[in-house]
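Asker: quick one, what's the 3D model for this:
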Amino acid sequence: MHLMLGLLTGLSLIIAIGAQNAYLLRLGIAERARVVLPAVVVCAASDAVLILAGVLGVGALVQSAPVALTVVRVLGAAFLLTYGLMAARRALRPGGEVLAARELAPGAGVRGVVLTMLALTWLNPHVYLDTVVMLGSIANGQDEGRAWWVTGAVLASVLWFSALGFGARMLRPVFARPVAWRVLDGVIAVVMGLLGLRLALGG
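Answerer: Purely as a prediction, here's the structure:
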């Protein structure tokens with residue numbers, strides 16, 4: 001029961017459309033498994049670390065460090081707005097050609113993808129509040145079932161990011177048309193831009 005509760009709670013937080021999910025979706029559609037796998041591992045491992053940090057009581061430390069969260073918020077806003085502008089440029093570029101893999105992320109290749117995913121994950125102050133503080137608090141309220149609850153929450157991350165990253169390839173026939181890429185990049189630009197503005201304005 002605790003395992004299932006942890007699984008459902010974890011899924012409820014990570015399934016929402018966000019910068020991390022949007023980037024992984026685009027990556028899964030365009031890239032080979034050898035590039036998608038490290039991105040999935042970064043997402044799932046980061047969630048596991050954050051959940052465990054919450055269980056170990058780091059949430060109280062996060063709440064007592066508003067300056068640190070402000071720094072993360074500013075850096076995260078700058079990164080998201082920059083990436084949003086890049087996506088908008090791809091969407092608006094005449095011809096809308098299918099992008100080469102090297103254009104997916106700053107720096108390109110596995111290293112660039114990993115660094116981009118790390119930035120999208122760890123420069124988001126909401127991840128500390130939602131995952132460390134919220135999930136940590138819920139987990140610590142499970143008493144003897146805490147270990148199973150945490151296992152379920154971590155499993156939710158592994159299942160979701162794996163499904164998103166590797167399942168996105170089923171959409172490749174749709175994205176054989178250049179216009180589909182332009183629409184996707186337009187959506188990503190809006191998501192990244194809105195999230196970046198929200199962070200910049202302190203939301």
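Asker: which residues of the protein fall in helices?
Answerer: Using DSSP state H, the helices of the chain run over residues 2-14, 19-30, 33-55, 58-63, 66-92, 109-122, 125-127, 136-139, 146-167, 178-200.
Asker: so which of those is the most packed in?
Answerer: Among the helices of the chain, helix 19-30 has the highest mean neighbour count (mean count of other Cβ atoms under 10 Å), at a mean of 22. Placement of C-beta: from N, CA and C, glycine included.
Asker: how big is the angle separating that helix from helix 66-92?
Answerer: Between helix 19-30 and helix 66-92, the angle comes out at 30 degrees (axes from the mean of the first three to the mean of the last three Cα atoms, to 10 degrees).
Asker: could I get the average pLDDT for helix 19-30?
Answerer: For helix 19-30, mean pLDDT rounds to 88.
Asker: taking helix 146-167 as reference, get the angle to it.
Answerer: Going by the same axes, to 10 degrees, helix 19-30 is angled at 40 degrees with respect to helix 146-167.
Asker: just how off-centre is helix 19-30 within its chain?
Answerer: 9 Å (Cα atoms, centre = their mean, to the nearest Å).
Asker: give me the outermost residue of the chain relative to its centroid.
Answerer: Ranked by distance from the centre of the chain (Cα atoms, centre = their mean), the top residue is E144, with 30.5 Å.
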